[in-house]
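**Student:** Take this sequence and fold it.
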Amino acid sequence: MNPIQDKLNNENIFVQLGLNDLSVEEKEQMLEQLNELVQKRLLLRILEVVPESVQQEMAAKNFETPEQAIEEMMKHVPYFGDLLEEEVEKVKAELRAGVQTA
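**Tutor:** Model prediction:
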């Protein structure tokens with residue numbers, strides 16, 4: 001499991017959203033979608049803060065998965081954990097707002 005999935009699972013997002021009754025399969029699918037969303041947002045945030053030289057270096061590496069790119073970026077962003085926390089919290093807040101209006 002990657003750090004994003006760890007964070008989403010550790011926060012027990014399904015209980016917080018009142019979706020604990022979902023099947024295991026539905027939870028896994030939702031967790032995968034949330035993971036992809038947070039990955040994309042996190043990569044964008046990282047690209048905003050790393051120097052262009054690092055961006056060019058990363059672009060030249062042709063990562064096979066977003067997880068590989070994030071792992072490499074973690075080496076260049078000492079506060080990666082803070083960015084991860086912020087993005088997970090933003091997604092959870094958006095989901096809670098969506099559940100409350102539904």
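
**Student:** Just name whatever secondary elements the helix or strand hosting L84 is in contact with.
**Tutor:** Taking DSSP states H and E as the criterion, the element that holds L84 is helix 80-101. With contacts taken as 3 or more C-beta pairs under 8 Å, 6 or more residues apart in numbering; DSSP states H and E, helix 80-101 sits against helix 3-10, helix 13-16, helix 24-49. Yep, even glycine has a C-beta here, placed from its N, CA and C like the rest.

**Student:** Show the pLDDT at the residue nearest in space to the middle of the chain.
**Tutor:** Geometric centre of the chain, nearest residue: V38, 2.6 Å, by C-alpha atoms, centre = their mean. At V38 the predicted local confidence, pLDDT, stands at 90.

**Student:** Check the gap between it and R45 for me.
**Tutor:** 10 Å (C-beta to C-beta, to the nearest Å).

**Student:** anything in contact with each of those two?
**Tutor:** Here V38 and R45 have E87 as joint contacts, going by C-beta atoms under 8 Å, 6 or more residues apart in numbering.

**Student:** ok, V38 - contacts?
**Tutor:** V38 sits next to 4, 8, 84, 87-88, 91 when contact means C-beta under 8 Å, 6+ apart.
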